[in-house]
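K.L.:
Mind folding the following:
(4 chains)
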Number of protein chains: 2
Amino acid sequence: MDPGEPSVPAPAAAHGGPVSHAIFRLARLHKLTAAQLLRRTGLHPNQELVMMRLWEAGPQRQADLAAAMDADSATITRTIQRLERAGFVRRTPSPTDGRVTMVAATPASRGLRDDVEAVWTELEERTVAGLDEQERATVLRVLDRLEANLTPPGA
Amino acid sequence: MDPGEPSVPAPAAAHGGPVSHAIFRLARLHKLTAAQLLRRTGLHPNQELVMMRLWEAGPQRQADLAAAMDADSATITRTIQRLERAGFVRRTPSPTDGRVTMVAATPASRGLRDDVEAVWTELEERTVAGLDEQERATVLRVLDRLEANLTPPGA
DNA sequence: GACGTATCACTGTTCGGACAGTAGATCGCC
DNA sequence: GGCGATCTACTGTCCGAACAGTGATACGTC
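P.N.:
Numbers count the residues shown, from 1 in each chain, chains lettered A, B, ... in the order given. Below you'll find the model as predicted:
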């Protein structure tokens, strides 16, 4: 694959929308890194976010979970199903509201918590490696600014 | 959904890894925005990247496409299949190498080009709206820096 | 109390992405 | 010339994400 090829963004990126391209590439890389780190835990990307939420905030409805992760309810449904199959989560129908099912982390999942947090720590460290405090603040400011720009006015 | 809730990152994001969370959210928003803008073209996110590459660089092998987009060869295979089904792309076996199939944009796809480029222009504008030249440079620097941090040393 | 509306969870479908594994063609080296 | 290593494209499988649509329950209003 052209070993001499520099690991620089393809020239095609230059005119199409440099920031958008950079976001795409960064997003893919970041997700890939997260996936690789998560492998040892047996979780897939974004499953760990659900678990972290459950560990911190306790049992809750899927709708709350979806709102907390700002995710599609369908996505949460299937993620929960997989986590349940894996034994990390338990679902019980709400006694007070026939529509909702409460989701709770299983005791067995508690053993994962340290691993997951270690993964997140490492992911964060890799991401901002070599940046001092001020630079990290800049990074956060930039990302938040872009996010605000793309957030639809309705939300 | 708690209309009074500020559009600020959930508190859960605060300790887990602020930059990583910000990247996740930004990536999702950016992709969602791209998908919405692309709807009028009939393309799905990342299909337009393939088309842009084909329009610019001309017919090429799938392996070249994969390298250019830094994508999995399996992903490219299926993306090309869908683009072919949609009539935007044509595949012809290479006369000189029995392994490769050349991919080319169809004449019919040329009509999309302006639309796609307009979409990318709008996406980029939305993303960096309200930022002056210097700030945009900072954004690019930050994104590139994070990307470099996450790029595996081997690549 | 009945009816219409909203909420909740779910399924179906399509797509991108990653990983693993495969068949065929080409190339290199002996 | 023949044989092994490599390249190319493909399929299978799993996962997250979005959109659309569904049945069941809860709620608010008349």
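
K.L.:
Which is the succeeding secondary structure element to the lowest-mean-pLDDT helix or strand in chain A?
P.N.:
Ranking every helix and strand in chain A by mean pLDDT, DSSP states H and E puts helix A:13-16 at the bottom, with a mean of 54. Downstream of helix A:13-16, the next assigned helix or strand under DSSP states H and E is helix A:18-38.

K.L.:
Check what contacts that next one and list those residues.
P.N.:
A:9, A:13, A:44-45, A:47-48, A:116, A:119, A:122-123, A:126-127, A:146, B:20, B:23-24, B:26-27, B:30-31, B:34, B:49, B:70, B:120, B:123-124, B:127-128, B:136, B:139-140, B:143-144, B:146-147, B:150-151 (CB atoms under 8 Å, 6 or more residues apart in numbering or on different chains). Glycine gets a C-beta too; all of them are placed from N, C-alpha and C.

K.L.:
Can you select the buried ones from those residues in ChimeraX?
P.N.:
Only the buried entries of the contacts of helix A:18-38 go into this ChimeraX selection, using 16 or more other CB atoms under 10 Å in any protein chain shown:
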select /A:13,45,47,48,116,119,123,126,127,146 /B:20,23,24,26,27,30,31,34,49,120,123,124,127,128,139,140,143,144,146,147,150
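
K.L.:
What about DNA strand D: which of the contacts of helix A:18-38 touch it?
P.N.:
A:His44, A:Pro45, A:Gln47, B:Lys31 (CB under 7 Å from any atom of the strand).

K.L.:
Output those in JSON lines; the columns should cover secondary structure.
P.N.:
Below are these laid out as JSON lines (DSSP: H, G, I helix; E, B strand; the rest coil):
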{"residue": "A:His44", "secondary structure": "coil"}
{"residue": "A:Pro45", "secondary structure": "coil"}
{"residue": "A:Gln47", "secondary structure": "helix"}
{"residue": "B:Lys31", "secondary structure": "helix"}
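
K.L.:
Quickly check these for the two that are furthest apart.
P.N.:
Largest separation among these by CB to CB: A:Gln47 and B:Lys31, giving 19.1 Å.

K.L.:
Setting the sequence-adjacent residues aside, check what's closest to A:Pro93.
P.N.:
A:Thr101 (5.4 Å; CB to CB, 6 or more residues apart in numbering or on different chains).

K.L.:
show me the contacts for the one you found.
P.N.:
Contacts of A:Thr101 by CB under 8 Å, 6+ apart are A:Arg61, A:Gln62, A:Arg91, A:Thr92, A:Pro93, A:Ser94.

K.L.:
let's see it at 10 Å
P.N.:
Listed by CB atoms under 10 Å, 6 or more residues apart in numbering or on different chains, the contact set of A:Thr101 reads A:Arg61, A:Gln62, A:Ala63, A:Thr77, A:Ile80, A:Arg91, A:Thr92, A:Pro93, A:Ser94.

K.L.:
Kindly export the helix or strand encompassing A:Leu112 (C-alpha atoms) in PDB.
P.N.:
Taking DSSP H and E as the definition, A:Leu112 sits inside helix A:110-127. Only the C-alpha atoms of helix A:110-127 are listed here, as PDB (Å, rounded to 0.1, in the frame of the first residue of the first chain):
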ATOM      1  CA  ARG A 110     -19.900  -4.700  39.300                       C
ATOM      2  CA  GLY A 111     -16.700  -6.500  38.600                       C
ATOM      3  CA  LEU A 112     -16.500  -4.700  35.300                       C
ATOM      4  CA  ARG A 113     -16.700  -1.300  36.700                       C
ATOM      5  CA  ASP A 114     -13.100  -0.900  37.500                       C
ATOM      6  CA  ASP A 115     -12.100  -2.200  34.100                       C
ATOM      7  CA  VAL A 116     -14.400   0.100  32.300                       C
ATOM      8  CA  GLU A 117     -13.200   3.100  34.200                       C
ATOM      9  CA  ALA A 118      -9.600   2.100  33.500                       C
ATOM     10  CA  VAL A 119     -10.400   1.900  29.900                       C
ATOM     11  CA  TRP A 120     -12.000   5.300  29.900                       C
ATOM     12  CA  THR A 121      -9.100   6.800  31.700                       C
ATOM     13  CA  GLU A 122      -6.700   5.300  29.200                       C
ATOM     14  CA  LEU A 123      -8.800   6.400  26.300                       C
ATOM     15  CA  GLU A 124      -8.800  10.000  27.700                       C
ATOM     16  CA  GLU A 125      -5.100   9.900  28.300                       C
ATOM     17  CA  ARG A 126      -4.300   8.700  24.900                       C
ATOM     18  CA  THR A 127      -6.600  11.300  23.400                       C
END
